[in-house]
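> just coords:
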């Protein structure tokens, strides 16, 4: 699901957008497979119809909380980076969102565990001058590359706000000959 263009400001463009890292789906898939096999085995092992109903109900409840809800959380979470801001949107029934203008970003850092280094994901920390403080974005794929891209976007936004940029990417405000 792409981020709706109608929610962007005039002249704003999406640089890149993503979902949380795919590793967030490992536990739901394992639970789904285990419950289907275990539930089917227990269902045919028992002769009592009451026990079969209990097994079926327990399987549905486990699938709902350990497979379906995490899948829906993953599907409805978006990280959008535009040329002017960082947008995080979550939620299916109730929406939660946070925007951080690039002009307010003080620093960008990342944390990557050993598992994160193996699967190439991490936590992106965006410290801003907003009242809300730090924006922590979890399960970011290619977190180190995203950190560099955010710095690049921040510099380009700074040049744009100072008066635009030339075709070669230099600022018309700042001299390029070293004077």
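Noted; the coordinates are in hand. Since this is a predicted model, take the numbers as computed values, not measurements.

> show me the chain divided up by domain.
Using automatic domain parsing, the domains assigned to the chain come out as 12-20+80-161, 24-74.

> now do the first one, average pLDDT.
To tie it back to what came earlier, the one meant is domain 12-20+80-161. For domain 12-20+80-161, the mean pLDDT works out to 92.

> figure out the length between the terminal residues of it.
13 Å (C-alpha to C-alpha, to the nearest Å).

> quick one: that domain to chain centroid distance?
9 Å (C-alpha atoms, centre = their mean, to the nearest Å).

> about what we covered before: winner for burial among the domains of the chain?
domain 12-20+80-161 (a mean of 16; mean count of other C-beta atoms under 10 Å). Bear in mind the C-beta positions are built from the backbone N, C-alpha and C, glycine included.

> in TSV: the domains of the chain, plus distance to residue 5.
TSV is the format used below for those (distance: least, C-beta to C-beta, whole Å):
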stretch	distance to residue 5
domain 12-20+80-161	8
domain 24-74	23
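
> which non-adjacent residue is nearest residue 112?
residue 122 (3.7 Å; C-beta to C-beta, 6 or more residues apart in numbering).

> gap between that neighbour and residue 16?
Distance of residue 122 to residue 16, computed by C-beta to C-beta, to the nearest Å: 16 Å.

> strands along this protein, start to end?
Remark: strands assigned in the chain by DSSP state E are 14-18, 78-82, 85-90, 96-101, 105-111, 121-128, 134-141.

> got CSV for those, with distance to residue 148 too?
Shown next, in CSV, are the strands of the chain (distance: least, C-beta to C-beta, whole Å):
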stretch, distance to residue 148
strand 14-18, 12
strand 78-82, 12
strand 85-90, 14
strand 96-101, 17
strand 105-111, 9
strand 121-128, 11
strand 134-141, 13
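
> how about these, which one is nearest residue 30?
Among the strands of the chain, strand 134-141 comes nearest to residue 30, with 17.0 Å by C-beta to C-beta.

> can you list the strands that the closest one pairs with?
strand 121-128 (antiparallel) (DSSP bridges).

> picking that back up, closest to residue 56 out of the strands of the chain?
strand 85-90 (31.4 Å).

> partners of that closest one, with directions?
With DSSP bridges as the test, strand 85-90 pairs up with strand 78-82 (antiparallel), strand 96-101 (antiparallel).

> show me what that strand is in contact with.
Strand 85-90 has contacts (C-beta atoms under 8 Å, 6 or more residues apart in numbering) with 3, 12, 73, 76-81, 95-102, 105, 126, 135, 137, 150.
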